[in-house]
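Undergrad: Sequence plus predicted model, see below.
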Amino acid sequence: MEIEEMILDSAKYSSEDWIKIIALGFISLIALIGISNPFLSFFLVIGFLPAGYLFRVLKTAFKGSDELPIFNEWLEMFIDGIKVVMVTIIYAIPIIIIALTPFISQPSLITTSLISAPYLWGLLTGSSLQIILVILIGFVEIIGIANMALYDGEFNAAFKFREILQRIFLINWRRYLVFYILIWIIGIITLFISMITLTLFIGIIIIPLIIAPYFMVFSTRFLALIFASSES
């Protein structure tokens, strides 16, 4: 299957059941409420479910399914979500270390950051080195997560680096790079559209309930297809 066919397949797959897309968006929105409001932090528990559902999209795709999975077996989905988040955190350790370096060298920044949240955010995201690391780590990380799905949730499979690199080699480095760049471009475009429509009342509804979950499912399906091409 060529890249163009994968894109068309992913777009079709993600638009065949809007009820499930909206359900994913609704669950994600509840989790965001928990993040933004400390008094509702128990909603953060729900935050593992979207990651678990997207992981299920990978697993069912590897089993040959062309339909969005249903929302059931919530405990399994919750545990899978925890695994995905833990893998993401472990891969992000180098980025976290670099982000915390200014605080270690200058403890006074902690007080300043507590006073100024934008300043803290700038420290965490403003480093060009961090941006480069995010791109490079993500290049391996998403194949690691897909590999974990192939092994039906075996946590260590996400860190079988020799196998992961072999997968990328079998996909073809150039082809995989095209996929990775496309995902970033589509993500940036989605973010741009979201920022524009967020100023409109309708944007408050369509961004979290339609645009964001559609992009997440599209990207996950695209990843499943590109990963599966390593076995062809």
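TA: Sure thing, it's come through. Numbers count the residues shown, from 1 in each chain.
Undergrad: what's the strand or helix carrying L129 packed up against?
TA: L129 is part of helix 128-150, with elements assigned from DSSP states H and E. When contacts are defined as 3 or more CB pairs under 8 Å, 6 or more residues apart in numbering; DSSP states H and E, helix 128-150 sits against helix 48-62, helix 74-91, helix 93-105, helix 161-171, helix 173-197, helix 212-228. C-beta here means a position set from N, CA and C on the backbone, and glycine is covered the same way.
Undergrad: Please pull out the lowest mean pLDDT helix or strand from the protein.
TA: helix 108-115 (a mean of 44; mean pLDDT, DSSP states H and E).
Undergrad: which residues touch the closest residue to K20 other than its chain neighbours?
TA: Nearest non-adjacent residue to K20, counting by CB to CB, 6 or more residues apart in numbering: L68, 4.7 Å away. Under the criterion of CB atoms under 8 Å, 6 or more residues apart in numbering, the contact partners of L68 comprise Y13, S14, E16, D17, K20, I21, V57, V217.
Undergrad: ok, now A92?
TA: If you count contacts by CB under 8 Å, 6+ apart, A92 has them with I137.
Undergrad: Just the pLDDT for it.
TA: The model reports A92 with a pLDDT of 90.
Undergrad: how close does the closest residue to I135 other than its chain neighbours get to T190?
TA: Leaving aside its sequence neighbours, I135 sits nearest to W184 (CB to CB, 6+ apart; 7.7 Å). Taking CB to CB, to the nearest Å as the criterion, W184 is separated from T190 by 11 Å.
Undergrad: re the thing from before, any idea which element the residue nearest to K20 lies in?
TA: With the criterion set as DSSP H and E, no secondary-structure element contains L68; it sits in neither a helix nor a strand.
Undergrad: just to revisit the earlier point, give me the subset of the contacts of L68 that lies in helices.
TA: Restricting the contacts of L68 to those inside helices, with DSSP state H as the criterion, leaves Y13, S14, K20, I21, V57, V217.
Undergrad: Reformat these as a markdown table; add neighbour count, distance to R174 and pLDDT.
TA: A markdown table is the format used below for the ones in helices among the contacts of L68 (neighbours: other CB atoms under 10 Å; distance: CB to CB, whole Å; pLDDT from 0 to 100):
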| residue | neighbour count | distance to R174 | pLDDT |
| --- | --- | --- | --- |
| Y13 | 22 | 25 | 96 |
| S14 | 23 | 25 | 94 |
| K20 | 19 | 34 | 95 |
| I21 | 22 | 32 | 95 |
| V57 | 24 | 26 | 97 |
| V217 | 23 | 26 | 96 |
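Undergrad: W184 and T190: who's more crowded?
TA: T190 (18 against 12; other CB atoms under 10 Å).
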